[in-house]
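K.L.:
I would like to see how this sequence folds:
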Amino acid sequence: MSCVRDLLRDSPLPRLEMQMLLQQVLGVSRAWLVAHDTDPLPEDAVANIQALMARRQAGEPMAYILGTREFMGHDFQVTPAVLIPRPDTEVLVETALDILQGKSVAQPRVLDLGTGSGAIAISVALAYPRASVTATDSSPQALQVAHANAKQLGAAVQFFEGDWYQALPAETSPFDLIVSNPPYIRADDTHLAQGDLRFEPRSALTDDANGLQALVRIVEGALAWLAEGGALWLEHGWDQGADVRQLLAQAGFQRVESRRDLAGIERISGGYL
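P.N.:
The predicted model follows:
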């Protein structure tokens, strides 16, 4: 009969990933795995672990196998209907919070376009409870995940289904801040066929064109939905900073700038009315 030590020894997966799979199936802590590494494991548990190992060996992201991913200190549910939240995107949330801290409005209004799992909108709502946060997505499956995350984490976020700004009710008041992590990968980018991206929703990754189509639509539509002095900040590709800054400037935004992620790459760009 197999035990934790045997499975860790014989697994082709990295030790940390294997430990995570064991914790998932057995419902135990890392400390329990160490203290009970020679305890015999039930056959059904071993079978479940081996099934998860096979999925991981086939390249499926750990986040989808485990069903969660940490972002901004919170555990978010994730499914193949949504992008996996990444540390790079935290710079967008941190920038949003910096802007909100500088607002004199009692209840600043925030809009997150293409919310996916809700990671951005929910993180803002949790960190800045005074804000009134709205989020949209065109995918009903993604919104189910976002709703579940908001409920589980206790975040007050209003969700609407639809394509970018079209999802918003006509009577919606202007926003003080709009943020988005839209699909920005070029259709011919080879990374779409590599790693985790192979398993993530294509419509959330690429516009099936030059990678700028969604960014153009969001920038052009923002003027009708931003309050005076409002800000727009967008995540984009590693080589798109100059293009996005140009889009913002051409649309009439002031104080246009880009900010870098932890790897030193221009990750987000924004401007102010």
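K.L.:
so which residue is dead centre in this structure?
P.N.:
Taking CA atoms, centre = their mean, the centroid of the chain lies closest to residue 85, which sits 3.2 Å from it.
K.L.:
in a strand, that residue, correct?
P.N.:
No. Per DSSP: H, G, I helix; E, B strand; the rest coil, residue 85 lies outside any strand segment and is coil.
K.L.:
isn't it right next to residue 115, touching?
P.N.:
No. Applying CB atoms under 8 Å, one finds residue 85 not in contact with residue 115, separated by 11.0 Å. C-betas here are computed from N, CA, C, even on glycine.
K.L.:
ranges for the strands of the chain?
P.N.:
Chain-ordered strands for the chain, with DSSP state E as the definition, fall at 68-71, 74-77, 109-113, 132-137, 157-161, 175-180, 226-235, 254-260, 266-272.
K.L.:
count of neighbours near residue 198?
P.N.:
14 (other CB atoms under 10 Å).
K.L.:
distance of it relative to residue 102?
P.N.:
Distance check for residue 198 against residue 102: by CB to CB, to the nearest Å, it reads 41 Å.
K.L.:
one more: residue 216?
P.N.:
Counting by CB to CB, the gap from residue 216 to residue 102 is 28 Å.
K.L.:
what about the residue lying closest to residue 64 once chain neighbours are set aside, how many residues close to it?
P.N.:
Nearest residue to residue 64, sequence neighbours excluded (CB to CB, 6 or more residues apart in numbering): residue 80, at 5.8 Å. Residues near residue 80, counting by other CB under 10 Å, number 15.
K.L.:
so what's residue 80 up against?
P.N.:
64, 199, 200, 201 (CB atoms under 8 Å, 6 or more residues apart in numbering).
K.L.:
just give me the neighbour total for the last one.
P.N.:
Neighbours of residue 201 under the rule other CB under 10 Å: 16.
K.L.:
the second one now?
P.N.:
By other CB under 10 Å, 15 other residues sit near residue 199.
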